[in-house]
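Participant: Give me a model of this one.
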Amino acid sequence: MPLRAVVEKVSWLLFPDAAAPGAGQNRPGRPRLAVPYIFSPNLTLGSALIAVAACLARIFSACALFAVWGTVSALAWSAIENRFWRAVAVLPLVLVFVAALAALMIAISTLERTIARKG
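Facilitator: Model prediction:
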């Protein structure tokens, strides 16, 4: 079997819509692309900058929270001498971290919406 036939067959198996003749000719450009559900193609420059700033704020603040929380949790966990109470302490430490992370994400989203409305 020639190499070209193998490549065409593999490409047909991986991308059946793209391999069909005339595929995608009648569709506009935007619907062909897979985009997140929150993406708005009508973003202005200001709203795009706000979205990028909120995304970066989520990333950096979550990293900082994880670093601080991990350090404090490790110190608290190592201060407990009994192995049973160490095991018991893990679940509350994780649950409170998840709650703090969720509150942080909600606060950033609320702040983003507030700033976007003003702009």
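
Participant: Show me where the chain has its strands.
Facilitator: With DSSP state E as the criterion, the chain has no strands.

Participant: Give me the domain ranges for it.
Facilitator: 1-34, 41-118 (automatic domain parsing).

Participant: Would you format the ones you listed as TSV with mean pLDDT and mean neighbour count included?
Facilitator: For every residue, glycine as well, the C-beta is placed using N, CA and C. Shown next, in TSV, are the domains of the chain (pLDDT from 0 to 100; neighbours: other Cβ atoms under 10 Å):
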stretch	mean pLDDT	mean neighbour count
domain 1-34	64	9
domain 41-118	92	12
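
Participant: Show me the contact partners of stretch 95-103.
Facilitator: 62, 65-66, 69, 73 (Cβ atoms under 8 Å, 6 or more residues apart in numbering).

Participant: what does stretch 48-63 give?
Facilitator: By Cβ under 8 Å, 6+ apart, stretch 48-63 touches 43, 101, 104-105, 108-109, 111-112, 115-116, 119.

Participant: Look up the closest residue to residue 116, ignoring the ones flanking it.
Facilitator: residue 50 (5.4 Å; Cβ to Cβ, 6 or more residues apart in numbering).

Participant: same deal with residue 73?
Facilitator: Per Cβ to Cβ, 6+ apart, closest to residue 73 is residue 93, 4.7 Å.

Participant: just checking, which of the contacts of stretch 48-63 belong to helices?
Facilitator: 101, 104-105, 108-109, 111-112, 115-116 (DSSP state H).

Participant: Would you mind giving those residues as a markdown table with distance to residue 57 added?
Facilitator: Formatted as a markdown table, these follow (distance: Cβ to Cβ, whole Å):
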| residue | distance to residue 57 |
| --- | --- |
| 101 | 13 |
| 104 | 9 |
| 105 | 10 |
| 108 | 5 |
| 109 | 10 |
| 111 | 8 |
| 112 | 8 |
| 115 | 11 |
| 116 | 13 |
